[in-house]
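Colleague: model this:
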Amino acid sequence: MSGYFPDEFIEQIRSQADIVEVIGQYVSLKKRGRNWFGLCPFHSERTPSFSVNPELGIFKCYGCSKGGDVYTFLMEYEKLTFAQCVELLADRLGLKVPRRQKGDGQQESWDKLVYANRFARDYYHRLLTGDRGRPALDYLNSRGLDGETIREFELGWATAEREGLKKAALEHGIDEETLLDAGLVSRSEESGESFDRFRSRVMIPIINPAGSVIGFGGRLLAEGEPKYLNTSDTVLFHKGEVLFGLHKSRGAIRRDSRAVVVEGYMDLISLYRHGFHPVVAPMGTALTPGQAKLLGRYTRDVFLLYDADKAGLRATFRGGDELLAAGLSVRVATLPEGMDPDDFIRSKGREAFESLLGSAVDFLDRKMELLVSRTDLTVTANRQRAADKLLESVARCRDDLTRNLYLKKAAEFIGVPQSVLAERLSRLLRLQTARRPGAAPGRQAAGTSAGKKAEFYLVALCLRFPDYVDKTIEKLGDTPFTVPDYRQIFQALTEARSSGTKNPVEYVYEKLPENLQTLVGQLLSEKEKVEPADEVFNSCWRRIKIELLDKQLEDNRSKIGELKDAGLMSTQVSLDKERKKLQQELHGGFFTSKS
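Modeller: Numbering: from 1, shown residues only. Okay, the predicted model is just below:
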């Protein structure tokens, strides 16, 4: 969610934040000359090619080409929004974040929901640690959780009172509509009265990577159903796009290059308490595509550790297919019958848990193990069904190598030539493709390297000095860029200017997809090469105009050959004169002196 921060405040943070110190919290850096070097956190490498320049306040990896400023790094590494980065860095620097403009209704609504959830977390926690929290404390203690763990995960207690939270929040100045929008209270369709959504439940706050409370999970202690209840979907919280515990475990996941997925809140909390940290939970459901994609930002290797009952196995294979579709490597660890991860680590300890993970098998191998144990594969019809079950997972593999290795393994298991299963797989893939919208064909940017270079610096200039957006349109029209990424960034800048926002850069960051946010950071880091601004602008627009004229001249030449059009020939003469004039004006400019 976008927020308004004054340009000078964003620049103040950028200049005051020690980029070496910030990145050094995630990457081991060593000084070499004027720069600091370390292993790139964004790709695997053995020789450090990741450089941080404290004087310019930028980073650059010469292996994978990622680069930008301190904001870009945090957005890429921590997967935060631009606004979250501003708030995080301001907090680290001890700076007070300026109030947003009152006119920003969306942001005010967002802030109200976050505030309401934070109030609820504190309210529930006070109840748990007070006299009325004894039933919940007894339950948590019986699960092996001590006071330190309860405080670390900020656990709480919702009493049986129908309007306890609602009354406390209203007295605190939080209005009823906000409580409804945050999913903290529900409204009766019959009476129209509102009441607390969570009652007689141990409360588990759900926190996003930026540290904001976005929802809750509640474990019922009284009789009734459902045993676990989550916040309903809100502006802040979408269950299928959130992984419980990720705000705590993401560092360990990156460090260990692995993640363990468990089923429930208590499984995760228990593992964390016993010193095992690279773990997440999808809140009682099988992994969704959004959760698999989110996990893929932090690691490529995932272990599934669900209960061995029927529901657990179903969640294992549904989740495994989603992870394969996200391009991840999947293994399955199997618990002793009747045990969950919490039971196992409490009774056997951390070392035994690591051994359990060490015995994990490949996802497809686990599927084949179950087919052998539960199916009579001497029956042809059963073998056909087994082949289809395996191919369902093979077809989900995004990685071509994994798909081919799985296909070979499945063919050997079923006992048929690989070509037979390959044909069956092709039919499955065609069905999948027919069911989803087709991807747009890849686009190739036209133009010479000099033209692309001019486009790069012109976009960088417009980001740094947004007044040049209008000047660019005046000289080159609305869509002068041939490189699709630059065109998309310029379009976002144009929209930012039209919207009247006080901070076009933040608008652009929030508007664009993640891959382009990284590019924006790289463009913004080119401070020295976009000054003096007028000189850079005049050189860039002329170079781009020459490229456009070259294309127009070429197109016209082919038409003249076919049509012998005298008017078109006259146009060619005019275009050629314009091109030569621009070329003379460009001679000795930006691209010969600053390349």
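Colleague: pLDDT-wise, which helix or strand of the chain ranks last?
Modeller: Here the helix or strand of the chain ranked lowest by mean pLDDT, DSSP states H and E is helix 590-593, holding a mean of 48.
Colleague: quick one: pLDDT of residue 103?
Modeller: Among the per-residue scores, residue 103 shows a pLDDT of 44.
Colleague: one more: the one 3 residues further on?
Modeller: With respect to pLDDT, residue 106 scores 52.
Colleague: pLDDT weak spots in this protein?
Modeller: Along the chain, the model assigns pLDDT under 70 to residues 1-4, 99-108, 210, 284-285, 431-448, 514-515, 557-570, 587-595.
Colleague: mind listing what residue 236 touches?
Modeller: Residues near residue 236 by C-beta atoms under 8 Å, 6 or more residues apart in numbering: 110, 113, 114, 117, 182, 212, 214, 215. Backbone N, C-alpha and C define where each C-beta goes, glycine included.
Colleague: same thing with residue 365?
Modeller: Taking C-beta under 8 Å, 6+ apart, we find residue 365 in contact with residue 409.
Colleague: what helix or strand does it sit in?
Modeller: helix 363-374 (DSSP states H and E).
Colleague: ok, residue 139 next?
Modeller: Residue 139 belongs to helix 134-142, assigned by DSSP H and E.
Colleague: tell me what that helix is packed against?
Modeller: helix 105-129, strand 156-158, strand 201-207 (3 or more C-beta pairs under 8 Å, 6 or more residues apart in numbering; DSSP states H and E).
Colleague: residues in contact with it: which ones?
Modeller: 128, 129, 150, 155, 157, 202, 221.
Colleague: same question for stretch 301-314.
Modeller: 257-263, 267, 286, 295, 315-316, 319-320, 323, 328-337, 340-341, 357, 360, 363, 370.
Colleague: so which of the residues you listed sit within strands?
Modeller: Under the assignment DSSP state E, the contacts of stretch 301-314 contribute 259, 260, 261, 262, 329, 330, 331, 332 to strands.
Colleague: buried ones only from these, please, as a PyMOL command.
Modeller: Of the ones in strands among the contacts of stretch 301-314, the buried ones can be selected in PyMOL as follows, counting by 16 or more other C-beta atoms under 10 Å:
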select buried, resi 259+260+261+262+329+330+331+332
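Colleague: farthest-separated two in the ones in strands among the contacts of stretch 301-314?
Modeller: 262 and 329 (18.0 Å; C-beta to C-beta).
Colleague: what about the helices in the stretch 351-500 of the chain?
Modeller: In the stretch 351-500 of the chain, the helices defined using DSSP state H, counting those that start in this stretch lie at 363-374, 380-396, 400-414, 418-435, 449-464, 468-476, 484-499.
Colleague: now those as a markdown table including distance to residue 21?
Modeller: A markdown table is the format used below for the helices of the stretch 351-500 of the chain (distance: least, C-beta to C-beta, whole Å):
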| stretch | distance to residue 21 |
| --- | --- |
| helix 363-374 | 41 |
| helix 380-396 | 42 |
| helix 400-414 | 39 |
| helix 418-435 | 47 |
| helix 449-464 | 25 |
| helix 468-476 | 33 |
| helix 484-499 | 29 |
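Colleague: what's the most buried one of the ones you listed?
Modeller: Greatest average neighbour count among these goes to helix 449-464 (a mean of 21), per mean count of other C-beta atoms under 10 Å.
Colleague: tell me what that helix is packed against?
Modeller: By 3+ C-beta pairs under 8 Å, 6+ apart, helix 449-464 packs against helix 468-476, helix 484-499, helix 504-511, helix 514-524, helix 533-563, helix 590-593.
Colleague: so which of the helices and strands packed on helix 134-142 gets nearest residue 300?
Modeller: Across the helices and strands packed on helix 134-142, closest to residue 300 is strand 201-207 (C-beta to C-beta), at 24.6 Å.
Colleague: which elements pack onto the closest one?
Modeller: helix 105-129, helix 134-142, strand 156-158, strand 213-220.
Colleague: quick one: residue 221 from residue 159, how far?
Modeller: Remark: distance between residue 221 and residue 159 (C-beta to C-beta, to the nearest Å) = 10 Å.
Colleague: what touches both of those two?
Modeller: In contact with both residue 221 and residue 159: residue 200, using C-beta under 8 Å, 6+ apart.
Colleague: residues contacting the nearest residue to residue 246 once chain neighbours are set aside?
Modeller: Excluding the flanking residues, the one nearest residue 246 by C-beta to C-beta, 6 or more residues apart in numbering is residue 280, at 5.3 Å. Neighbour list for residue 280: 243, 244, 245, 246, 249, 253, 259, 260, 261, 262, 268, 295 [criterion: C-beta under 8 Å, 6+ apart].
Colleague: contacts for stretch 479-493?
Modeller: 443, 445-447, 451-452, 455-456, 458-459, 462-463, 466, 469, 472, 504, 507-508, 511-512, 516, 519-520, 523, 541, 544, 547-548.
Colleague: neighbour-wise, which one of the contacts of residue 236 leads?
Modeller: Greatest neighbour count in the contacts of residue 236, by other C-beta atoms under 10 Å, goes to residue 182: 29 neighbours.
Colleague: pretty sure that one is touching residue 234, no?
Modeller: Yes. Using C-beta atoms under 8 Å, residue 182 is in contact with residue 234, at 6.0 Å.
Colleague: bridged to the residue nearest to residue 246, which residues?
Modeller: Applying DSSP bridges to residue 280 gives these bridge partners: residue 261.
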